[in-house]
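J.: coords below, sequence missing:
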């Protein structure tokens, strides 16, 4: 295989239009007649059908990625299905991939010559790296940050989880699917200040 592909990681906080960028990219590829496939881990259960949907309302059909999906073998099967090379693989919510699956995507690039663009979050609500994101930072050819702005004007860094009252949640499982009702993207300073405010409210009744 003479074609040379790249493994891209494009990350940002929630609400930074990552998915909209993926869908716009897919539209552009379609207009130019390029062969592409959109994919998404099935762990994102907000959709009952296999679609990638942006918060701004645009959507596109995709293929599910399951926990046991071998992405290299799937890519080879898609090559046979299309009877020609798939030039681009667009992966949404890539933070939910396993390290092994990211390595399989690297093989898709190196052995099959396709380009793979992974879109997702860098860290969870406790500011810890997701498994898939960590591996992409380690081996991706190109890493780009999709920036967005906190209400205070600084760059968002933290995907803060909130409760029904809008207070920051600090404990819980790493993966909990939700939208604006469960998460807000904030800068590091606002994240710290909001946690301090909640701590003071929790302590005050006992003083």
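T.: Thanks, I have it. Everything numeric here is computed off the predicted structure, so don't read it as measured data.
J.: ok, the residue nearest the centre of the chain to residue 33 distance?
T.: In the chain, the centroid-proximal residue (CA atoms, centre = their mean) is residue 120; its distance is 1.7 Å. To residue 33, residue 120 is 27 Å away according to CB to CB, to the nearest Å. Heads up, the C-betas are built off the backbone N, CA and C, glycines and all.
J.: Equivalent analysis for residue 181, please.
T.: Distance from residue 181 to residue 33, by CB to CB: 40 Å.
J.: contacting residues around the helix or strand containing residue 28?
T.: Assessed by DSSP states H and E, residue 28 sits inside helix 18-31. Here helix 18-31 makes contact (CB atoms under 8 Å, 6 or more residues apart in numbering) with 10-12, 36, 38, 52-56, 58-60, 87-88, 90, 92, 117, 119-120, 146.
J.: repeat for stretch 132-139
T.: With contacts defined as CB under 8 Å, 6+ apart, stretch 132-139 is touched by 7, 9, 11, 94-99, 101-103, 106, 118, 120-123, 129, 143.
J.: As a check, name the ranges of all helices in the chain.
T.: 18-31, 71-82, 99-112, 131-139, 188-203 (DSSP state H).
J.: which stretch in those has the least confidence?
T.: Lowest mean pLDDT of the helices of the chain: helix 188-203, a mean of 74.
J.: And the contacts of stretch 132-139, which of them are buried?
T.: Buried residues within the contacts of stretch 132-139, counting neighbours by 16 or more other CB atoms under 10 Å: 7, 9, 11, 94-98, 101-102, 106, 118, 120-123.
J.: Quick check: the farthest pair among the residues you listed?
T.: Across the buried ones among the contacts of stretch 132-139, the longest distance by CB to CB is 21.6 Å; it joins 106 and 123.
J.: And the pLDDT at the nearest residue to residue 41 once chain neighbours are set aside?
T.: Leaving out its chain neighbours, the residue that sits closest to residue 41 by CB to CB, 6 or more residues apart in numbering is residue 96, at 4.0 Å. Listed pLDDT for residue 96 reads 95.
J.: Now do residue 96 against residue 188, distance only.
T.: 24 Å.
J.: And residue 174, by the same measure?
T.: Separation of residue 174 from residue 188 (CB to CB): 19 Å.
J.: still on that earlier bit, to residue 151, which of the helices of the chain lies closest?
T.: helix 188-203 (7.3 Å).
J.: Report the distance from stretch 28-48 to the chain centre.
T.: When distances are taken as CA atoms, centre = their mean, to the nearest Å, stretch 28-48 is centred 13 Å away from the chain's centroid.
J.: coming back round to it: next up, the contacts around the residue nearest to the centre of the chain.
T.: So residue 120 contacts 9, 11, 18, 91, 92, 93, 94, 95, 96, 130, 132, 133 (CB under 8 Å, 6+ apart).
J.: Reformat those residues as CSV; add distance to residue 70.
T.: Compiled in CSV, the contacts of residue 120 are given as follows (distance: CB to CB, whole Å):
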residue, distance to residue 70
9, 20
11, 24
18, 25
91, 14
92, 19
93, 18
94, 16
95, 19
96, 16
130, 20
132, 15
133, 20
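J.: Just to be sure, which of these are found in strands?
T.: 9, 11, 91 (DSSP state E).
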